[in-house]
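**Student:** Below: sequence and its predicted model.
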Number of protein chains: 2
Amino acid sequence: MGIVVQKYGGSSVADADGIKRVAQRIVDAKRAGHDVVVVVSAMGDTTDELIDLAEQVSPLPAGRELDMLLTAGERISMALLAMAIGNLGQEAQSFTGSQAGVITDSVHGKAKIIDVTPGRIEKALAQGAVAIVAGFQGVSQDTKDITTLGRGGSDTTAVALAAAMDADVCEIYSDVDGVFTADPRIVPSARKRDRISYEEMLEMAASGAKILHLRCVEYARRYQMPIHVRSSFSKRTGTWIAEDAEVEQMEQAIIAGVAHDRSEAKITVVGVPDKVGEAARIFEALSEAGINLDMIVQNVSAAATNLTDISFTLPREDGQKAMAALAQLKDEVGYDSLLYDDRIGKVSLVGAGMRSHPGVTAKFFAALANAGVNIEMISTSEIRISVIVDESQVDDAVAATHTAFDLDSDEVEAVVYGGTGR
Amino acid sequence: MGIVVQKYGGSSVADADGIKRVAQRIVDAKRAGHDVVVVVSAMGDTTDELIDLAEQVSPLPAGRELDMLLTAGERISMALLAMAIGNLGQEAQSFTGSQAGVITDSVHGKAKIIDVTPGRIEKALAQGAVAIVAGFQGVSQDTKDITTLGRGGSDTTAVALAAAMDADVCEIYSDVDGVFTADPRIVPSARKRDRISYEEMLEMAASGAKILHLRCVEYARRYQMPIHVRSSFSKRTGTWIAEDAEVEQMEQAIIAGVAHDRSEAKITVVGVPDKVGEAARIFEALSEAGINLDMIVQNVSAAATNLTDISFTLPREDGQKAMAALAQLKDEVGYDSLLYDDRIGKVSLVGAGMRSHPGVTAKFFAALANAGVNIEMISTSEIRISVIVDESQVDDAVAATHTAFDLDSDEVEAVVYGGTGR
């Protein structure tokens, strides 16, 4: 049998008991004949505690030093996990991101993986040991400084290592049983998917499903590395994320699931002169401020005034920065006013099957209308339809959509659908 | 001005306030024109907390993994310290032992420094930055694994870096004002020494004075690196540890100080046949068990029986192991019985001046006799006399000796004489 890469999140190794439980799972996989590489996050709240310490000594810590600090978290969890495995009679060796050959660029706090050179990991496996690797961290190719990968970093570490080592599968363990057709906290009848395609998972992640981070799924798709998302608290099979073709052979569902996202805000620039270049000037300014926009809508301009409104959504945390950047443009662009609304939510219907089913959009909007949900903005991709609604109507919109597309299970899953850590 | 290496112990950086206070001291030194390299220990109780976690997951953790775990402690303190310095407008970069070029052998938990190659530290200094280095840790030359240096490790890191970089001085900061003529908790009138020779400091450290670890002083003497022991809580000059010649030009005291040690136990092997090789067999067995003995006394054998008693002292923590090793020898050596006593203490009088003052021993014993202290064992070196007494009489013995040699100060120092961390 080949190499299995397993990734355990912070909630799975939150305390000594959790670490011992995970150690047993790892030893089981090793004894089943696999070569096992484990990627681990920091224990429970460790990262938050370290950030709190940093804030106590400096309001704006240097990125290099913040990365040095935060990487202590995985150092602790990986060493403890290696000890716990050793205690079960199986040799284990822990490796920092740098030791594991996770080479990144030099952007502290959100470094990108450039290369993976897992020579020491391969040596450990050849010696019969389990290799434990710190997630979320690497070493800069240029400066040799320690870097962190930012959000979704540990999942990405796992997929990158799996790809570099040509593993059979990358198993991502958390406190969730897999990918569901909707958040079971909102829709108790949501069903776990057995398989989902990379493409659908990308759209789900981009639409707010917190089970896997976008960049990790992108990485897996690029290298065609199958991901198995499952719970570290049970032995059940989770959700396999794999190539479209494989998934489509298995199941022909039109809809993969309903995702939602409450992390965005909406800005409207009112009364923009409808001239060539005005809209471009606005989006240039936002881009220079380092802000990633999500949905963008421009109304047809009113014939009488030749003015138009431009609305877009963005992460709430960037709201202030965006408003400041736009305010500076007022004289240059000559718009009327700016509107800011952070009491919105996004509801998205995702499914590769909707390509060949033209009635999906109409059915979606009808379900929302029947539930009394008002649509503020619409955006579509080939396999996704997203709408912006009032934040207070997100739950109703998700439930109504789920039911309308016959996604409800007969049984109610007893599961907590939590976010993944880093 | 040249390079100054400063080492701060765990009590000096126990919390955010401590870290900020230390950061200010470092910036002051930098602004005074020095190139500053700082070696830092883990914050307060961090090491104990990590050891506690390790014990929760494994009763006997692998040395490699325990070192990986414990080195997270300095990683946290050094990054926080660098941030706090940055917050004062001075650039600072933190470096792990490995990054700082602290090359060791592969003995996990008590690695020895083989070489120091501080290229990255020199580069940071050349850029005008303060370099912060994790104490207590290095990287194995052979396996490239992370190692820890064991007790006194951070002090040794500081002295080794100072020697490798040809620093002007190695300043060791703790919560103590310097080296005292006796522990001020026992002798409130103890005086701080302004200077003390390496030789005297070595004997003081070997005799139980906790202010500096033996190996750090040995390292400093080998490289003739002056050490300045001082408090991070005050601006006062502490104690300079330097070459004998320099010290003797300054002050001609007969006695450097009175040290004591409550960490030892005494074992007596009763009725050993006084034949060639019997004693050697006993000490061989103890050496094979990895036990370091301190004082050894063999009585003249009684003429009638041709049997002798052999007594020695050793660290209490090795008592059980030593008794077990000796018990296995009973038939082979044919001794009568073993006695074990861990209610002893050692009191030592240290001073280079006693070389030329033959009356010191007599005066020491007279002082002990007047104080009603019974002497159980005696051991001497050229500049030290040590006696083993009942543990309950240690304080009386120290105080009486201190007074007899006119070491008492007119003023009582308001100081807490604590142990150093790692």
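**Tutor:** Good, I have the coordinates. The structure presented is a predicted model; accordingly, all values stated were derived computationally and were not measured.

**Student:** Only C-alpha atoms from now on, for both contacts and neighbour counts.
**Tutor:** Noted.

**Student:** wait, residue A:154 sits on residue A:42?
**Tutor:** No - in terms of Cα atoms under 8 Å, residue A:154 does not count as a neighbour of residue A:42; the distance is 9.4 Å.

**Student:** Tell me the residues that contact both of the two, please.
**Tutor:** Contact criterion Cα atoms under 8 Å, 6 or more residues apart in numbering or on different chains; residues shared by residue A:154 and residue A:42: residue A:9.

**Student:** Next up, identify which helix or strand residue A:170 is on.
**Tutor:** Assessed by DSSP states H and E, residue A:170 sits inside strand A:169-174.

**Student:** who's more crowded, residue A:154 and residue A:42?
**Tutor:** Legend: neighbour count by other Cα atoms under 10 Å in any protein chain shown for residue A:154 and residue A:42, higher for residue A:154 (32 against 29).

**Student:** ok so, going back, okay, now the sheet partners of the strand holding residue A:170, with direction.
**Tutor:** strand A:3-8 (parallel), strand A:227-231 (parallel) (DSSP bridges).

**Student:** what element comes up after that strand heading to the C-terminus?
**Tutor:** Next element after strand A:169-174 (DSSP H and E): strand A:195-197.

**Student:** how far off strand A:169-174 does the one helix or strand residue A:222 maps to point, in degrees?
**Tutor:** Assigning secondary structure by DSSP H and E places residue A:222 in helix A:214-223. Calculated by axes from the mean of the first three to the mean of the last three Cα atoms, to 10 degrees, helix A:214-223 forms an angle of 170 degrees with strand A:169-174.

**Student:** quick one: contacts of helix A:214-223?
**Tutor:** With Cα under 8 Å, 6+ apart as the test, helix A:214-223 has contacts from A:152-153, A:155-156, A:159-160, A:163, A:198, A:201-202, A:205-206, A:226-227, A:242-243.

**Student:** and it, average pLDDT?
**Tutor:** Across helix A:214-223, pLDDT averages out at 92.

**Student:** C-alpha coordinates for it, CSV please?
**Tutor:** This file holds the C-alpha atoms of helix A:214-223, laid out as CSV (Å, rounded to 0.1, in the frame of the first residue of the first chain):
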residue,chain,number,x,y,z
LEU,A,214,-10.5,27.5,-1.4
ARG,A,215,-6.7,27.4,-1.9
CYS,A,216,-6.4,23.9,-0.5
VAL,A,217,-9.1,22.6,-3.0
GLU,A,218,-7.4,24.6,-5.9
TYR,A,219,-4.1,22.9,-5.0
ALA,A,220,-5.7,19.5,-4.9
ARG,A,221,-7.4,20.0,-8.3
ARG,A,222,-4.2,21.2,-9.9
TYR,A,223,-2.4,18.0,-8.8
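
**Student:** In that helix, which residues are buried?
**Tutor:** Applying a neighbour-count criterion of 16 or more other Cα atoms under 10 Å in any protein chain shown, the buried positions in helix A:214-223 are A:214-221.

**Student:** Which of the residues you listed lies at the shortest distance from residue A:376?
**Tutor:** residue A:214 (25.2 Å; Cα to Cα).

**Student:** so how far is residue A:156 from that closest one?
**Tutor:** Applying Cα to Cα, to the nearest Å, the value for residue A:214 to residue A:156 is 9 Å.

**Student:** got it, and residue A:375?
**Tutor:** The spacing between residue A:375 and residue A:156, counted by Cα to Cα, is 35 Å.

**Student:** and if you look at residue A:228?
**Tutor:** From residue A:228 over to residue A:156 (counting by Cα to Cα), the distance is 14 Å.

**Student:** higher neighbour count, the two?
**Tutor:** residue A:156 (29 against 22).

**Student:** before we move on, which element is the more buried one in?
**Tutor:** helix A:153-164.

**Student:** Quick one: residues contacting the residue nearest the centre of chain A.
**Tutor:** The centroid of chain A falls nearest to residue A:213 when counting by Cα atoms, centre = their mean (1.7 Å). By Cα under 8 Å, 6+ apart, residue A:213 lies in contact with A:151-152, A:155, A:205.

**Student:** Now with 7 Å, please.
**Tutor:** Residue A:213 is in contact with A:152, A:205, counting by Cα atoms under 7 Å, 6 or more residues apart in numbering or on different chains.

**Student:** before we move on, the earlier item: contact partners of the helix holding residue A:156?
**Tutor:** A:5, A:7, A:39, A:41, A:116, A:135-136, A:170, A:215-216, A:219-220, A:223, A:225, A:422.

**Student:** quick one, it and helix A:214-223 angle?
**Tutor:** Helix A:153-164 runs at 10 degrees relative to helix A:214-223, counting by the same axes, to 10 degrees.

**Student:** what about helix A:153-164, distance to the chain center?
**Tutor:** 14 Å (Cα atoms, centre = their mean, to the nearest Å).

**Student:** Got phi/psi on the residue of the stretch 251-400 of chain A found nearest chain B?
**Tutor:** Residue of the stretch 251-400 of chain A nearest chain B, by Cα to the nearest Cα: residue A:321 (23.4 Å). Main-chain dihedrals, residue A:321, degrees, to the nearest 10: phi -60, psi -40.

**Student:** Can you tell me, leaving aside adjacent residues, what's nearest to it?
**Tutor:** Among residues not flanking residue A:321 along the chain, residue A:289 sits closest, at 7.4 Å (Cα to Cα, 6 or more residues apart in numbering or on different chains).

**Student:** Where do the helices of chain A begin and end?
**Tutor:** All helices of chain A, identified by DSSP state H, fall at A:16-31, A:46-57, A:63-87, A:119-126, A:153-164, A:198-206, A:214-223, A:244-250, A:278-288, A:319-327, A:330-333, A:360-370, A:394-404.

**Student:** Dump those into TSV; add distance to residue B:69 as well.
**Tutor:** Below are the helices of chain A laid out as TSV (distance: least, Cα to Cα, whole Å):
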stretch	distance to residue B:69
helix A:16-31	14
helix A:46-57	14
helix A:63-87	5
helix A:119-126	19
helix A:153-164	19
helix A:198-206	34
helix A:214-223	28
helix A:244-250	42
helix A:278-288	42
helix A:319-327	40
helix A:330-333	55
helix A:360-370	53
helix A:394-404	44
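
**Student:** Which one of those has the poorest average confidence?
**Tutor:** In terms of mean pLDDT, the lowest-scoring of the helices of chain A is helix A:244-250 (a mean of 58).

**Student:** Tell me how many other residues surround residue A:300.
**Tutor:** 12.

**Student:** do the same with residue A:134
**Tutor:** Around residue A:134 there are 32 other residues, counting by other Cα under 10 Å.

**Student:** how near is it to residue A:180?
**Tutor:** Plainly put, residue A:134 is 28 Å away from residue A:180 if you go by Cα to Cα.

**Student:** How about residue A:97?
**Tutor:** Distance, residue A:97 to residue A:180, by Cα to Cα: 31 Å.

**Student:** Show the contacting residues for residue A:322.
**Tutor:** Taking Cα under 7 Å, 6+ apart as the criterion, residue A:322 is in contact with residue A:286.

**Student:** and the stretch 51-200 of chain A, which residues reach chain B?
**Tutor:** Counting by Cα under 7 Å from any Cα of the partner chain, the stretch 51-200 of chain A comes close to chain B at A:54, A:56-58, A:61-62, A:65-66, A:68-69, A:72, A:75-76, A:79-80, A:82-84, A:87, A:94.

**Student:** For the residue lying closest to residue A:114 once chain neighbours are set aside, give the beta-bridge partners.
**Tutor:** With sequence-adjacent residues excluded and distances taken as Cα to Cα, 6+ apart, residue A:114 is closest to residue A:104, at 4.9 Å. Per DSSP bridges, the residues bridged to residue A:104 are residue A:113, residue A:140.

**Student:** who's in contact with residue A:104?
**Tutor:** A:111-115, A:138-141.

**Student:** ok, how many other residues are close to residue A:284?
**Tutor:** 12.

**Student:** Distance-wise, check it relative to residue A:322.
**Tutor:** Separation of residue A:284 from residue A:322 (Cα to Cα): 11 Å.
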